[in-house]
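Participant: everything below, folded, please.
(chains A and B)
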Amino acid sequence: MSPTTGQNNHSTRMGEVLIKHKLIKESQLEQALELQKRTGARIGDILLAKGWVDPLDFYPLLASQAGHETIVAPAGEHEARFGEVLEAYGLLSAEQLQEALELQEKWGTRLGDIILAKGWVRTLDFYRAMASHSGHRFINLTVDPPDAALIDREDLQLYGEYLILPWRREGKDVWVVTADLTPPTEEFIRERFGDGVKIAITSKFDIIWELQRNANPYYSQTAVSALAVKSSEYSALQVFTRRQLGVIYCFFSALLLFLTLEPVIALITINTFIAIFLLVNFGLRAMLAWVGGDRHIDVKVTDHQVSVLKEQELPTYTVLVPMYKEPEVLPILADALRRLDYPLSKLDIKLILEEDDAETIQAAKELELEGIFELILVPDSLPKTKPKACNYALNFARGEFITIYDAEDIPEPDQLKKVVAAFQMAPRNTVCIQARLNYYNARENWLTRMFTLEYSLWFDFYLPALEALNIPIPLGGTSNHFKMHILREVNAWDPFNVTEDADLGVRITQLGYRVGIVNSTTFEEANSNVLNWIRQRSRWIKGYMQTYLVHMRHPLHLHRSVGAIGFWGFQFFIGGTIISTLAAPFLYLMYIIWLMTKTHIFDIVFPPSLLYISLFNLLVGNGYLIYITTLGAFKRNYYSMIPYGLTVPVYWLLISIAAYKGLWQLIHKPFFWEKTQHGISRYTPLARRRALRRNA
Amino acid sequence: MVSVVIHPWRVGVLYGAMHKEQRYYSAAVFLLSSVVLAVITIWLLQHHYISDFALSRWAKVLGILDAPESRLEYFGLIYPHIPAYILMPFYFLPGLKTGAAPYLISIIIGAALLAFWNQHMANKGYSTRVRVALIILVASHPFFLWSVTGGTYRALSLAMFYILYLSLARLIYERDVRAFIMLGLTLAMYFFIDERTFYLFAALLPLLPLVAPPKMMEESAISVYVVVIIPLFIAVSAWAYLNWIFVDDSLHFLTAPESAFRGAWRDAPYLPWLNTFGGTLVMPTILAIAVSIVAYPVLIVLLVHASRHALLLRATIVLLVHAILATGMATYGFFLSHPADMLFLFSSGLMAGIVLMPRESHKAIRITMVMTLVSVLGGWLVFLWKPTPEMDQWATAIQGKPPVIRYDNEIDLGVWLARNRMPTLIDDHNAYRVIVARGDARQLILPFSSDFKINLLRPVLSIRQVVVPDPSWRGGARDLINKRYPDLYQNGMAGFELVYDQDHWRAYRRINDTSVKDDVARPSI
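Facilitator: Residues are numbered from 1 along each chain as shown, chains lettered A, B, ... in the order given. Down below sits the predicted model:
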């Protein structure tokens, strides 16, 4: 018997098997046999090439016919062979395989991660092929869900990290499914479930969803209460401690008594306190602008330092993107994240969506995002805050570093690499690096211009100066990058604090770690609507109040842990922001009354020395703050915005309005998350169209 | 020949960590300079040099700190306040009440400036020998000596100009925000130190394109001007506001005839420079160039050195043009009494220029030193050319010649008032020399006080004693008491008797007031 005859016989038999399993038609088999005669190719290749049979159906059948459980790749070049298998399945083109191999060499990651990251193969197909290739059973958890009784709550976080899940017990055997078949994972599985454990393959999304489905109450509870239970002293769950209430009560009682017995002296005392406080506050800001104004403070991570980073050595990076009712900005965000200059296969991006946010969930599904994007659905529970959502998603984070972006963020493409370089250069106890924030719609209207000037001053001057002076840094809303294990160690974000980032920055410093600033910017959407802006700002100031109250529960401890400079810097940078915004309307009002009436009723509470301090604050202090606001635009080359800085007193008035709203909410609705509506910029539709076009 | 070329703006020239040895050197420079400048000042004072500025400011300090209620607005708002504030702590030092404090402050600031300069040169790598030689040469320049031994605020102005010029240079080289902050704050601060600021600022405006970051100029030139103008604008607005709330006229500091912000305007007829060139721009500017070439030929050397370095060249051009243009403008505005009154700033400009100059060779340094020596000689020529009375008095005193003007009559009155202590009404606008001679202002009722104002509202004074100058004497007519009671000096007042009459001054006392026994023979009327 000639080999061809033998091959034909085998092909006919295989063809018959396929017909028997109703995978092909007889006419197709005849055509394939004709082609085989002419080309000498294998029947399977022809059927697959013609697309008449699904490779995921064909290969298992072929293996069973050959007497093997699965197709086993030859020894060596395991991953390259897996790539060939995918190519043979018709799941991957030759060009894609070639590109994947090149990227593998460059990034130093597994071929499968690259293929998934690129979105070339559907996740389910990928894992089925992987199971087939590695000789493991494939289990579709949506069809065959796991036995919840096998899931150990203590190990939930490890399940998420290793991407494993105990599936079922079959006889004496315990089956564990995994989406990450690596020696460490196998070792972990055997360590946890014994050597006799059976391992099967499943999709990583199935694991995450099953984990969520089975352990949602636990995850939710942990996300809400981990900090409050483990380090209650840092939790804003209790707005005022008893001691604080006592101090406040005593303070106001004494003040009332003082006002009753010696009204003039009492008023002068209050006036003196405010004047000196504002004077020092002004002095601090003057110093921060001076320190932050040095050009050399900006050159932190150079382009060269970024270029010499070896991509093979870059760590896995988790990116958390909490979103709520923001479907319109989703394509912009996805586009920005895709353009990050970081090995895609080392990105672990979590789109964190609220369970009840159907429209954003739907929008995310419609975008058919590639494998680097994972959807995490946060179950509905209180408090409904961003930090709670992030805490929830943290259970599934697998990166060595982790960062947060808001839905409308557009980080500079090299930001992650710059952060990695910054961590390498920073002292060992630096556990968080804050990127700078700015706005892409800066020139939209007066409000966005003022917001941009303010942000530029804050992130380009104040924060680098705080870092240089070792003053606790209140982290900005997004783009703060953490070392994952430390973030978990400090119990992550406080879900009851509405400026959880600011709180975390101070907490980290208190625990002996450092926060750094990196010279990379994330561009956001500046609030272009006054009412929306007031909502957002009231939340920020409320959060500052919460942060101040939390960290001032034990002032001596704070002083000991952050030192004198850090302590006073905290008082005036955080406390100063609160007091100055609350005091400003009264001072404005007094001033306007005096200006209009020239009354002498205030003379009594302004003895000469106090009058001079107040005049200094009014003229020099405010003048200087106006001046440095104009300079805020300088580092960003927003030169045409400089004249707008002169209108900042009007903006301060808006801040004061928001501050009173924040104070009111602190008392009545301390944990209420005043949602900022994103996507209202007139630039958003354009950016969305551009992002969608690029993606297409 | 030194082959190393150091970048003219090396980071750390100004902020470089001081070595211990350098600190000692700078301390030594400060101490030695203080001693030498103090010796020169003592020499001047022994030869009857008296700075009117020093006396008037010190008299203000005495008046305010000896008053029952001290308020800063009593200083008046028609001149920059910082020099007066700096004087205030010296009031509390024993032994300085006779008016030595303004001179002492000038000496300290001059010596500190030299010490800082020494430090900056050391950071730049100049050898000790070169530094010492340069310090001696620059300090010997009459413009510098006049500024730091004259008891005026010119020493402070020199220091500010040094910072101003380094700020401009920083802006040229570093183009960072701190440079803008430095420049802005220096200008704002300058306004509270020296009334020349308006002209220095105006002269700077056309030079900004040379200083500002080119990209910024291209994208938004107006922003450059806004950023530079804002601090000074805020300072001036703040001052105008204070004028408004305390004097009810926000422009009082500019419109008041005696305002220092108007410079020598009131004395223009007596000043040869203003008499000839006041109100013109071109001729005084050309003459300022000529004066600069004679008084500071070393600046041309700096310009030649800078010609090979584009940025340094810009900085040097700004230095040269700035002060000259300011001289022309200030003459146009009838502000400047003499070109030296503006060009003395070149002394600190020269110091900053030497700091910025690249150290290319020993030869270049030698040439700089030789030309600085020539500048010293040229400086003396200029200084003695049509000097103002103040300059003349200083030059006469330093030469050990008899004084041109003496104030014996005011000193006598001061001594008399010190011995006849009682509440006395007196206007310090003319009587500041008297107050300083008295040694304090206790019981003197001065124009800022409400007692003074209340008294002047009455037809007959209710005070125990009053002192008035002769209305026909220069300045006497502007005396507030004379203005209210024009016959007082000549005819006295009902219920008052003449108790002092010497030269241009008379004192009247309420009749039958026997609480103090006079120790000066009452002159007959």
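Participant: tell me the confidence at the residue most central in space within chain A?
Facilitator: In chain A, the centroid-proximal residue (Cα atoms, centre = their mean) is residue A:404; its distance is 1.8 Å. At residue A:404, the model reports a pLDDT of 94.
Participant: give the contact list for it.
Facilitator: A:319, A:320, A:321, A:322, A:390, A:478, A:479, A:480, A:501 (Cβ atoms under 8 Å, 6 or more residues apart in numbering or on different chains). Where you see a C-beta, it was placed from the backbone N, CA and C, and this is true even at glycine.
Participant: which of those sits closest to chain B?
Facilitator: residue A:479 (22.2 Å; Cβ to the nearest Cβ).
Participant: how many other residues sit next to the closest one?
Facilitator: 28 (other Cβ atoms under 10 Å in any protein chain shown).
Participant: do the one 3 residues further on as well
Facilitator: For residue A:482, the number of neighbouring residues by other Cβ under 10 Å comes to 27.
Participant: show me what contacts it?
Facilitator: The contact partners of residue A:482, by Cβ under 8 Å, 6+ apart, come to A:401, A:402, A:403, A:431, A:432.
Participant: so which helix or strand takes in it?
Facilitator: Element membership for residue A:482, per DSSP states H and E: strand A:480-483.
Participant: might you calculate how far the helix or strand that that strand is followed by sits from the centre of the chain?
Facilitator: Under the assignment DSSP H and E, the closest C-terminal helix or strand after strand A:480-483 is helix A:484-489. With Cα atoms, centre = their mean, to the nearest Å as the basis, helix A:484-489 stands 14 Å off its chain's centre.
Participant: nearest spatial neighbour of the spatially most central residue of chain B, skipping sequence neighbours?
Facilitator: Residue closest to the mean C-alpha point of chain B, counted by Cα atoms, centre = their mean, is residue B:153 at 2.7 Å. Sequence neighbours aside, residue B:83 is the residue nearest to residue B:153 in space, at 3.9 Å (criterion: Cβ to Cβ, 6 or more residues apart in numbering or on different chains).
Participant: from what I can see that neighbour touches residue B:156, true?
Facilitator: Yes. Contact criterion Cβ atoms under 8 Å: residue B:83 and residue B:156 qualify, at 6.1 Å.
Participant: what is in contact with these two at once?
Facilitator: What both residue B:83 and residue B:156 touch, as defined by Cβ under 8 Å, 6+ apart, is the set B:105, B:193.
Participant: packing partners of the helix or strand harbouring residue B:353?
Facilitator: Per DSSP H and E: residue B:353 is located in helix B:346-356. Helix B:346-356 sits against helix B:101-124, helix B:128-140, helix B:142-149, helix B:154-173, helix B:298-306, helix B:310-332, helix B:362-383, with contacts defined as 3 or more Cβ pairs under 8 Å, 6 or more residues apart in numbering or on different chains; DSSP states H and E.
Participant: can you lay out the ones you listed as JSON lines showing mean neighbour count?
Facilitator: Formatted as JSON lines, these follow (neighbours: other Cβ atoms under 10 Å in any protein chain shown):
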{"stretch": "helix B:101-124", "mean neighbour count": "23"}
{"stretch": "helix B:128-140", "mean neighbour count": "18"}
{"stretch": "helix B:142-149", "mean neighbour count": "27"}
{"stretch": "helix B:154-173", "mean neighbour count": "24"}
{"stretch": "helix B:298-306", "mean neighbour count": "21"}
{"stretch": "helix B:310-332", "mean neighbour count": "22"}
{"stretch": "helix B:362-383", "mean neighbour count": "18"}
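Participant: out of these, flag the one nearest chain A.
Facilitator: Nearest of these (Cβ to the nearest Cβ): helix B:154-173, 9.7 Å.
Participant: check which helices and strands that closest one sits against.
Facilitator: helix B:82-91, helix B:101-124, helix B:142-149, helix B:177-191, helix B:208-211, helix B:310-332, helix B:346-356.
Participant: quick one: it to helix B:310-332, angle?
Facilitator: 140 degrees (axes from the mean of the first three to the mean of the last three Cα atoms, to 10 degrees).
Participant: around chain B, pick out the residues from the stretch 251-400 of chain A.
Facilitator: Within the stretch 251-400 of chain A, the positions near chain B by Cβ under 8 Å from any Cβ of the partner chain are A:289, A:290, A:292, A:293, A:294, A:295, A:296.
Participant: how about the residues you listed, which pair is most distant?
Facilitator: Pairwise distances across these (Cβ to Cβ) peak at 15.3 Å, for the pair A:289 and A:296.
Participant: quick one on the thing from earlier: using JSON lines, lay out the helices and strands packed on helix B:346-356 together with mean pLDDT.
Facilitator: Converted to JSON lines, the helices and strands packed on helix B:346-356 look like this (pLDDT from 0 to 100):
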{"stretch": "helix B:101-124", "mean pLDDT": "93"}
{"stretch": "helix B:128-140", "mean pLDDT": "94"}
{"stretch": "helix B:142-149", "mean pLDDT": "95"}
{"stretch": "helix B:154-173", "mean pLDDT": "92"}
{"stretch": "helix B:298-306", "mean pLDDT": "90"}
{"stretch": "helix B:310-332", "mean pLDDT": "92"}
{"stretch": "helix B:362-383", "mean pLDDT": "91"}
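Participant: for residue A:283, find the nearest of those helices.
Facilitator: Per Cβ to Cβ, nearest to residue A:283 of the helices and strands packed on helix B:346-356: helix B:154-173, 19.8 Å.
Participant: put the alpha carbons of the closest one into PDB.
Facilitator: As requested, the backbone C-alpha atoms of helix B:154-173 are provided in PDB (Å, rounded to 0.1, in the frame of the first residue of the first chain):
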ATOM      1  CA  ARG B 154      20.800 103.800  48.000                       C
ATOM      2  CA  ALA B 155      22.700 100.900  49.500                       C
ATOM      3  CA  LEU B 156      19.400  99.000  49.600                       C
ATOM      4  CA  SER B 157      18.700 100.100  46.000                       C
ATOM      5  CA  LEU B 158      22.100  98.800  44.900                       C
ATOM      6  CA  ALA B 159      21.300  95.400  46.500                       C
ATOM      7  CA  MET B 160      17.900  95.400  44.800                       C
ATOM      8  CA  PHE B 161      19.300  96.200  41.500                       C
ATOM      9  CA  TYR B 162      21.900  93.400  41.900                       C
ATOM     10  CA  ILE B 163      19.000  91.000  42.500                       C
ATOM     11  CA  LEU B 164      16.900  92.600  39.700                       C
ATOM     12  CA  TYR B 165      19.700  92.100  37.200                       C
ATOM     13  CA  LEU B 166      20.400  88.500  38.300                       C
ATOM     14  CA  SER B 167      16.700  87.900  37.900                       C
ATOM     15  CA  LEU B 168      16.800  89.100  34.400                       C
ATOM     16  CA  ALA B 169      19.800  87.000  33.700                       C
ATOM     17  CA  ARG B 170      18.000  84.000  35.200                       C
ATOM     18  CA  LEU B 171      15.100  84.600  32.900                       C
ATOM     19  CA  ILE B 172      17.300  84.700  29.900                       C
ATOM     20  CA  TYR B 173      19.200  81.600  30.800                       C
END
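Participant: how far off helix B:177-191 does the helix or strand residue A:273 falls within point, in degrees?
Facilitator: Residue A:273 belongs to helix A:263-292 when assigned by DSSP H and E. On the basis of the same axes, to 10 degrees, helix A:263-292 is oriented at 130 degrees to helix B:177-191.
Participant: packing partners of helix A:263-292?
Facilitator: So helix A:263-292, by 3+ Cβ pairs under 8 Å, 6+ apart, packs with helix A:242-261, helix A:463-469, helix A:576-597, helix A:608-615, helix A:622-632, helix B:177-191.
Participant: for the residue nearest to the centre of chain A, give the beta-bridge partners.
Facilitator: residue A:320 (DSSP bridges).
Participant: repeat for residue A:411
Facilitator: residue A:522.
Participant: look up how far residue B:420 lies from residue B:499.
Facilitator: 7 Å (Cβ to Cβ, to the nearest Å).
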